[in-house]
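Novice: A predicted structure for the sequence below; I have some questions about it.
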There are 4 protein chains.
Amino acid sequence: MGTQRYGAGIWHFATYVDRYATDGYGPPRTLLEMIDLAGQVEDLSVVDINFPYPGGGGVTLEQISAALDRNGLSVIGITPEIYTRQFARGAFTNPDAGVRRLAHEMCTEAAKMVRHFGADYVKLWPGQDGWDYPFQVDHKEIWTRSVEGVAALASESPDLKFVIEYKPREPRVHMNYDSVARTLLGIERMGVPNVGILLDFGHSLYGGESPADAAQLAIDHGRLFGMDVNDNNRSWDDDLIAGSVHPVELFEFFWTLRKNSWEGVWQLDQFPFREDPATAANSAIRFLKRIERALDRLDVEELKAAQARQDAVAALDIARTALFGDA
Amino acid sequence: MGTQRYGAGIWHFATYVDRYATDGYGPPRTLLEMIDLAGQVEDLSVVDINFPYPGGGGVTLEQISAALDRNGLSVIGITPEIYTRQFARGAFTNPDAGVRRLAHEMCTEAAKMVRHFGADYVKLWPGQDGWDYPFQVDHKEIWTRSVEGVAALASESPDLKFVIEYKPREPRVHMNYDSVARTLLGIERMGVPNVGILLDFGHSLYGGESPADAAQLAIDHGRLFGMDVNDNNRSWDDDLIAGSVHPVELFEFFWTLRKNSWEGVWQLDQFPFREDPATAANSAIRFLKRIERALDRLDVEELKAAQARQDAVAALDIARTALFGDA
Amino acid sequence: MGTQRYGAGIWHFATYVDRYATDGYGPPRTLLEMIDLAGQVEDLSVVDINFPYPGGGGVTLEQISAALDRNGLSVIGITPEIYTRQFARGAFTNPDAGVRRLAHEMCTEAAKMVRHFGADYVKLWPGQDGWDYPFQVDHKEIWTRSVEGVAALASESPDLKFVIEYKPREPRVHMNYDSVARTLLGIERMGVPNVGILLDFGHSLYGGESPADAAQLAIDHGRLFGMDVNDNNRSWDDDLIAGSVHPVELFEFFWTLRKNSWEGVWQLDQFPFREDPATAANSAIRFLKRIERALDRLDVEELKAAQARQDAVAALDIARTALFGDA
Amino acid sequence: MGTQRYGAGIWHFATYVDRYATDGYGPPRTLLEMIDLAGQVEDLSVVDINFPYPGGGGVTLEQISAALDRNGLSVIGITPEIYTRQFARGAFTNPDAGVRRLAHEMCTEAAKMVRHFGADYVKLWPGQDGWDYPFQVDHKEIWTRSVEGVAALASESPDLKFVIEYKPREPRVHMNYDSVARTLLGIERMGVPNVGILLDFGHSLYGGESPADAAQLAIDHGRLFGMDVNDNNRSWDDDLIAGSVHPVELFEFFWTLRKNSWEGVWQLDQFPFREDPATAANSAIRFLKRIERALDRLDVEELKAAQARQDAVAALDIARTALFGDA
């Protein structure tokens, strides 16, 4: 291969807080510092940037462009931060119409940035849209708002793509866009061509899906607009280094992309709370390159024959030989 | 109320085997014995019957009708056993076309029984349709077969309803019809009016759904054709007595049905491995009657106002007052 | 009853941040503001206070005492914050000996505060002590440090009690003190009388334990020194309002305490991210009072007879009658 | 290496039933047929045999010995079937004293077989000892019975070893011996030298443990008497082929054994419901041999240095280089 492009969310290079380490796992970084860190990663071509810019304001578009240029990076997507304090009770589904309007406006600003950077999409991750308790919400109402809120954006910007990154939960106890199938149902209801899915491998895995199956379904609906990878222990969005826990399913996921000739960027969505971000990204990308070579080695004809028989052991053996080398 | 009808799968009154107690949790029962046990439950009106008849053959339709009559029971649905040995590698998705045809034929026979008994539906629970291992199947192919297999049945019997009971897993490590949204996606693809969902409360719960939300979604798509309840610990299909673990969510589920004027039978799908089946059914139905009365007590206006604000504490307090009595 | 005392962690009255809402779910509060909010809760007698004081420094012991007095509150425990940035890679198990010493010193300062307030214990919650990745740690070494770190504190302050609040995970992917049994094993190895367990109902539940069984085990080892309650969906530490999801198991937990004549404070450990904290606390305490009355109503003799037979349905019916009222 | 011995539970070569495929996933096999199938596996040296013999009676000790001999197999352990119908409500904890006595007698018979075959241990897997519902049992009583039942056996046969195979659940909703720490607590309370743990990799994994950490803990208590491997999706005991899902953690588990110079048999506990058992065993053993070679390649000094720093990325990179080959 050698031509595969790699990307990362710029938050991979941030520092983090959580509800316990309220002083953060490290001193805050500015967006420009994050970009410079991203530049230290071998083979990184694109980044996804939050809007409003993370790490505090005051930075100009010119400064961002300069930082990207000096690090050989371009922008794949813009992620509006529709999950901060003002959206704590939802963006598209907030009970307050004024807050819903604010979310719409922030996404519209993000759309302008996508045009400015010539990026691929506005990425919507409505992490605060959902519920926490039984009886808290009118499920019909909030699902309708979830669908219509995205549809409105897409209709207003038919020149752009919007991607929804579904996730089962966190920070809400349950998110509306919780799975590939639910998100596809919502997108079909929207009836617009420019909304698709950004499939996060870890979200799929811990939601009980097979990421390979989820990717196939999204592709068959013509809606796989992007993807990113990481890993976890299947019960939470740990955002660990890709391939650290589930290398076989990661391999199956990329095999599914290849056999469908899906040729987008392989992105990272990792949260290295306690690790050096460039080192963590390099470790992941080196493993993804192993997977690239394993895909080249994969005995595709034998695999397809085994799958036609649904012969689990034969298929597994073929996959393991490609991934781990000869037995 | 007082007019709510209750039902149960006839397997509630069977004895069970599992991979450890291979000699079974009790001596086998014939279908007629199961029906007589069902007749001992207070307030049971309908049963769902497996086909081929459980507990061994030799029983005639006349005997079944007589047993139902003497116990004041009628048939709500027929469940073809498309998950026994011959279907161990799938019914609709079996790699062997001959086995797929057998499944189709068994379901067609079940359809005849539905007509004979004047029942509501053929219930499809394709528990062996799915996969166990990474790389085992071609996901596109088996999903297509899952959808087309059901569509073919529905097209051939436009006078009948077919319901799909989705479930995340077991006995396969992953089932194709794994969630409400995936099943709705499949049904929409079929493009037929007579396929809907049989929503099992426990399957929804342990699949990470809110059963109330799942019911609302199925209703909004016009596809909630049936339901049953039980309980579990959210990680497996324990089929425990309804309301033994999640009474608040059970209450929200039935509130969702009521507010949508969904007026079907409240069915049980419990597996009392070590309990007396009639006693276990009575315990469940007594609790469901508590829920009926709690629905009558529910302060609907205040609840709707709290939900409009997405006020979790107020909504919870209203629900708990109705369910547990005054604080 | 009427004499049952209720308590809460003072963090119940804080505002929170998480990795997404990095600007927090509300403006920061000072410790004094939190205490005044705690004072608004009906029937709250005691609080557990973090050290260093949450909400920023500058507050004096005199001010804290005055705030507690005017709100009718006393201090049950002090929780040293051994999980902030400096301890991101562990407190007792940090690879850096200097950081381990800092943790020891902070706990020693907390011990002084316990003496000052006449509180019951130093509460140790080593949330950063554990690991994230396969191969990251030498398991023997970090467990030894976990045990010895607490033993050293307990030996130096034999006049005080130390309680360990175990939890499966978060913020680390895996915590060393992850379960009741592991913690008891560690405590037995310490060989000191003044270390016990603070059992958090939610941690037990989502760790796959039965909280009632965990409480019984800790009591039988003479180590149940404290407890708090909340609720969750069994896969994460959601810290929801007590009794919102698992009222039956909450009831069984308190029944276990009562039958063992365990008479400590019933504490809350809730995180009302999006709710008013006093309202959320009142909702919980009102439900706990329901449970108090249900305990009074419980037919103890019949329950014990059912349990002697391990008769699940009879025992459940007895418990439900006490908790939900007559069927 | 080349000298590592491999083993398997003889049930690996059985056919299975479950609660749906009540006619079984294949025709029943006799014990002798299972042994002959085991003999087809390359590199299998030992088997663990159920007692009473699986697949029906009538077989003699002489026939078993002859079958083992012709297949080059010996017996590592005997597993009394204390989980069939008569023990549906528990073996050591059954409410009926007569049934508890039956369990004791069956284990005593198994002990005689261990002596006859010169095997290593009686394996106790009390899968029916636990509970299903809240309020069902007196937790103090059943735990006491769990501990005393095993202690009695061990005291009566001080010449033998007894191993407890813990597991979180199934077939009971919760098993008493549910985790490594709980089991060690119980063993310590027994106060006998000849009871240890049989650590099942999959049970540990799906119980939320790190199997490497669990092994280290059991070793440090001098109680790791046996082990077996398989794989699962971390939420159920799927008994899949070893290394099919979690190869990295499997590698860490075996690294833990090697660094502690634990030199027992590497056993399989797989349930190939739909696969050919010899093929499934060969696939697993071939992967275990990959792990053997990866252990030889592992840069132990660098790994220990990384672990001393708790440097997750460095440790992971070292492990991945050994397991997957150079990046």
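Specialist: Structure received. Numbers count the residues shown, from 1 in each chain, chains lettered A, B, ... in the order given.
Novice: any low-confidence regions in the stretch 201-327 of chain A?
Specialist: Along the stretch 201-327 of chain A, segments meeting pLDDT under 70 span A:327.
Novice: So which residues on it come close to chain B?
Specialist: Contact residues, the stretch 201-327 of chain A versus chain B (CB under 8 Å from any CB of the partner chain): A:207-208, A:210, A:212-213, A:216-217, A:220, A:248-249, A:251-252, A:255-256, A:303-304, A:307-312, A:315-316, A:318-319. C-betas here are computed from N, CA, C, even on glycine.
Novice: State the helix or strand in which residue A:98 lies.
Specialist: Using DSSP states H and E, residue A:98 falls within helix A:97-117.
Novice: Show me what the mean pLDDT comes to for the very next helix or strand once past that helix.
Specialist: For helix A:97-117, the following helix or strand on the C-terminal side (DSSP H and E) is strand A:121-124. Regarding strand A:121-124, the rounded mean pLDDT is 98.
Novice: Show me what strand A:121-124 is packed up against.
Specialist: Contacts defined by 3 or more CB pairs under 8 Å, 6 or more residues apart in numbering or on different chains; DSSP states H and E place strand A:121-124 against strand A:74-80, helix A:97-117, helix A:139-156, strand A:161-164, strand A:195-200, strand A:224-229.
Novice: Strand partners (parallel or antiparallel) of the first one?
Specialist: Strand A:74-80 has the following sheet partners, assigned by DSSP bridges: strand A:44-51 (parallel), strand A:121-124 (parallel).
Novice: Show me which of those has the highest average neighbour count.
Specialist: strand A:121-124 (a mean of 27; mean count of other CB atoms under 10 Å in any protein chain shown).
Novice: next helix or strand past it?
Specialist: Taking DSSP H and E, what comes next after strand A:121-124 is strand A:130-131.
Novice: anything in that following strand near chain B?
Specialist: Yes. Strand A:130-131 reaches chain B (CB under 8 Å from any CB) through residue A:131.
Novice: List the contacts of stretch A:221-228.
Specialist: For stretch A:221-228, the surrounding residues in contact (CB atoms under 8 Å, 6 or more residues apart in numbering or on different chains) are A:7, A:9, A:76-77, A:120-121, A:123, A:161, A:163, A:184, A:187-188, A:195-201, A:215, A:218, A:257, A:262, A:264-269.
Novice: Please, a PyMOL command that selects the buried ones among those residues?
Specialist: Only the buried entries of the contacts of stretch A:221-228 go into this PyMOL selection, using 16 or more other CB atoms under 10 Å in any protein chain shown:
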select buried, chain A and resi 7+9+76+77+120+121+123+161+163+184+187+188+195+196+197+198+199+200+201+215+218+257+264+265+266+267+268+269
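Novice: can you count the residues close to the closest residue to chain D within the stretch 101-250 of chain A?
Specialist: Closest contact between the stretch 101-250 of chain A and chain D, by CB to the nearest CB, is at residue A:234 (4.8 Å). Residue A:234 has 20 neighbours, counted by other CB atoms under 10 Å in any protein chain shown.
Novice: Could you list the residues of the stretch 1-150 of chain A in contact with chain C?
Specialist: Counting by CB under 8 Å from any CB, the residues of the stretch 1-150 of chain A lying close to chain C are A:16-26, A:83-85, A:88-89, A:127-128, A:132-134.
Novice: Keep those residues, but drop any that are not near chain B.
Specialist: Okay, of the residues of the stretch 1-150 of chain A next to chain C touching chain B (CB under 8 Å from any CB), that's A:89, A:132-134.
Novice: Neighbour-wise, which one of those leads?
Specialist: When neighbours are counted by other CB under 10 Å, residue A:134 leads these with 27 neighbours.
Novice: OK, contacts around that residue?
Specialist: Per CB under 8 Å, 6+ apart, neighbours of residue A:134: B:210, B:212, B:248-249, B:251-252, B:316, B:319, C:244-245.
Novice: repeat that with 7 Å
Specialist: Residues near residue A:134 by CB atoms under 7 Å, 6 or more residues apart in numbering or on different chains: B:248-249, B:252, C:244.
Novice: Show me which pair in those is furthest apart.
Specialist: B:252 and C:244 (11.1 Å; CB to CB).
Novice: More neighbours: these two, which one.
Specialist: Just comparing residue B:252 and residue C:244: by other CB under 10 Å the higher neighbour count belongs to residue C:244, 29 against 23.
Novice: Could you pull up the contacting residues of that one?
Specialist: Contacts of residue C:244 by CB under 7 Å, 6+ apart are A:133-134, B:248, B:316, C:231.
Novice: Could you confirm residue A:37 falls within a helix?
Specialist: Yes. Assessed with DSSP: H, G, I helix; E, B strand; the rest coil, residue A:37 lies in a helix.
Novice: what's residue A:251 sitting at in phi/psi?
Specialist: Main-chain torsions, residue A:251, degrees, to the nearest 10: phi -60, psi -40.
Novice: So is stretch A:299-316 next to chain D?
Specialist: Yes. Legend: contact between stretch A:299-316 and chain D by CB under 7 Å from any CB of the partner chain is shown at A:312-313, A:316.
Novice: Surely residue A:257 and residue A:218 touch.
Specialist: No. With contact defined as CB atoms under 7 Å, residue A:257 and residue A:218 do not form a contacting pair (10.6 Å).
Novice: And the strands in the stretch 201-327 of chain A?
Specialist: Taking DSSP state E, counting those that start in this stretch, the strands of the stretch 201-327 of chain A run over residues A:224-229, A:266-268.
Novice: and residue A:101, which of those is closest to it?
Specialist: Closest among these, once you apply CB to CB, is strand A:224-229, at 25.8 Å.
Novice: quick check: angle from that closest one to strand A:195-200?
Specialist: 10 degrees (axes from the mean of the first three to the mean of the last three CA atoms, to 10 degrees).
Novice: Contact distance from chain D - what residues of chain A qualify?
Specialist: Applying CB under 7 Å from any CB, we find that chain A lies next to chain D at A:233-234, A:241, A:244-245, A:247-248, A:275, A:279-280, A:283, A:286-287, A:289-290, A:312-313, A:316-317, A:320, A:323-325, A:327.
Novice: ok, of these, which come out buried?
Specialist: Buried among the residues of chain A next to chain D (16+ other CB under 10 Å): A:233-234, A:241, A:244-245, A:247-248, A:275, A:279-280, A:283, A:286-287, A:289-290, A:312-313, A:316-317, A:320, A:323-324.
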